[in-house]
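Enquirer: Sequence and computational prediction follow.
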Amino acid sequence: MNLYDRIPNNVNLNEDKRLQRALEKWLPNYLDWWHDMGPDGFQDRDVWLRTAIDVGSEGWAHFDYVKMPDYRWGIFLEPPQANAKVGFGDNYGEPAYQEVPGEFRNSLRRIIVTQGDTEPASVEQQRLLGHTCPSLYDMRNLFQVNVEEGRHLWAMVYLLHGYFGRDGRDEADALLERRSGNPDKPRILEAFNQPCDDWLNFYSFTMFTDRDGKYQLSALAESGFEPLARTCKFMLTEEAHHMFVGDTGLSRVVRRTAQLMKQNPNGDVRELGGIPLEIIQKYINFWFSYSLDLFGGEISSNSADFFAAGLKGRFKEQEQYTDHIASEGSFTMTVVENGKLATREVPLRNALNEVLRGEYVKDCEKGLARWNKALADEGVSDRLYLPNIRFHRHVGEYAGHSFDIEGNLISKEEFEKGKSQWLPSIEDREYVRSLMKPVTEPGKIANWIAPPAAGIKGKPFEFEYVRL
Ligand SMILES: [Fe+2]
Ligand SMILES: [Fe+2]
């Protein structure tokens, strides 16, 4: 572990001078990007952050006060496995690829660039949120997520610099040049161009969009390209905290709304400064549908190619499946045919995006069950739900058609008419924004959200997580 190097790493960077020089050249550009596009206004504050200092299951997470620009962004891979094999696809059982196989070079680069692009994008989307935090605890969690997304960018850039030569370096530069929401140089995936400018958006994003990250990284953690698999395995340990922030954040908002509903049973929780359940539901609908798009088309020749090549597997490929070839078998898909919903049999390998999306939906449902339990605990009978997977899609089989929240095919006009009941309106967004007043006294919390059940790493909620 070369922790105190300029670029902390466990890949023996100092033995590979060419790679080390390339990364050291990229480092100042990264810091410029972080300075311009990272969290606004708090760069010189001490934040109680965890830093990756070791990949071992014991104590990789080291907690201390750090100023964000001094965070030890580094390159950490899970240790290699002896005799690692390609775990699925046409080359199943052959030795894992330690270098990029020529015939898969373009596919692999595209996978890595697409994943890499999401990391800085989310930091850009969240850059102003520190100014409106509901508590110091939440502010700290935001910054923790931000620095780790920065590290995830490093992880992907390491692969580009280390394994793709000149075009990898160009791609690494381009990752710092695109900007979330910029019409001239947008980020690659649309969820990462949507504004995330209030805390209800932030919790929804970390619940639903970071969770897409979990499933993409899990599929890549199975990869036969071993450096990618090892990188993604370690990223997943960080990702868990991001989803925790979203899941518990939404749970706390829901609980607080339920408490306010009981205080004012005849009225709108707005009178008491809470966020109505229907607005929370609309934010769920918005981020869930955009996050579903991230899995790609329902019927996809790319998914088949990536699987055949041993580059991208299924969720828990080794644990959950016995047939790792998957060249036979089919998947029944609902498609739109002649203006009606119909079913179609699709070869399994062409349906793997949809298979992964299905795993994701199951995981999201568990979140909904937890929030609904919070409602039940507070004695409120209303419930939240996930919209149908066909609702409000911009990618794949359902894009270009209109569906209601239950997944019924409707006309474009009917969708336009129903839209304001299903998705956040400008007024909804303005109302939520009107509540976003910063609360930065240790132990205090905004009125629209309940405090967390516990603090971070044994510290109480009242702990001074950020020194302002
Ligand atoms: Fe990430
Ligand atoms: Fe994340």
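Expert: Nice, thanks for sending it over. Ligands and ions are numbered 1, 2, ... in the order given.
Enquirer: Quick check: which ranges of the stretch 201-350 of the chain have low pLDDT?
Expert: Low-confidence segments of the stretch 201-350 of the chain (pLDDT under 70): 267.
Enquirer: residue in it nearest to ligand 1?
Expert: Taking C-beta to the ion, ligand 1 has its nearest neighbour within the stretch 201-350 of the chain at residue 213, 5.1 Å off. All C-beta spots, glycine's among them, are computed from the backbone N, C-alpha and C.
Enquirer: before we move on, what about the chain?
Expert: Nearest to ligand 1, among the residues of the chain, is residue 152, at 3.7 Å (C-beta to the ion).
Enquirer: Model confidence for the residue nearest to that residue when sequence neighbours are not counted, exactly?
Expert: Spatial nearest neighbour of residue 152, chain neighbours left out: residue 119 (4.1 Å); criterion: C-beta to C-beta, 6 or more residues apart in numbering. Reading off the confidence values, residue 119 has pLDDT 98.
Enquirer: change the start of the numbering to 311 and stick with it
Expert: All right, first residue 311 from here; so that's residue 429.
Enquirer: Could you double-check that residue 429 lies in contact with residue 455?
Expert: No: assessed by C-beta atoms under 8 Å, residue 429 is found out of contact with residue 455, at 10.8 Å.
Enquirer: Now do residue 575 against ligand 2, distance only.
Expert: 38 Å (C-beta to the ion, to the nearest Å).
Enquirer: where does that residue land in three-state SS?
Expert: Assigned by DSSP: H, G, I helix; E, B strand; the rest coil, the conformation of residue 575 is coil.
Enquirer: that older thread, higher neighbour count, residue 429 and residue 455?
Expert: residue 455 (26 against 22; other C-beta atoms under 10 Å).
Enquirer: mind checking how far that one is from ligand 2?
Expert: According to C-beta to the ion, residue 455 stands 6 Å off from ligand 2.
Enquirer: hang on, isn't that residue packed against residue 516?
Expert: Yes: contact criterion C-beta under 8 Å: residue 455 and residue 516 qualify, at 6.5 Å.
Enquirer: which neighbours do these two share?
Expert: 552, 555 (C-beta atoms under 8 Å, 6 or more residues apart in numbering).
Enquirer: Taking the centroid of the protein, which residue is nearest it?
Expert: Nearest to the mean C-alpha position of the chain, by C-alpha atoms, centre = their mean, lies residue 520 at 1.7 Å.
Enquirer: and the residue nearest to residue 462, what does it touch?
Expert: Taking C-beta under 8 Å, 6+ apart as the test, what residue 429 contacts is 459-460, 462-463, 466.
Enquirer: Please indicate which of those are buried?
Expert: Using 16 or more other C-beta atoms under 10 Å as the burial test, those include 459-460, 462-463, 466 as buried.
Enquirer: got the residues of the stretch 411-560 of the chain near ligand 1?
Expert: With C-beta under 5 Å from the ion as the criterion, the stretch 411-560 of the chain comes near ligand 1 at residues 429, 459, 462.
Enquirer: Residue 747 sits in which helix or strand?
Expert: Using DSSP states H and E, residue 747 sits within no helix or strand.
Enquirer: Equivalent analysis for residue 357, please.
Expert: Going by DSSP H and E, residue 357 is part of strand 356-362.
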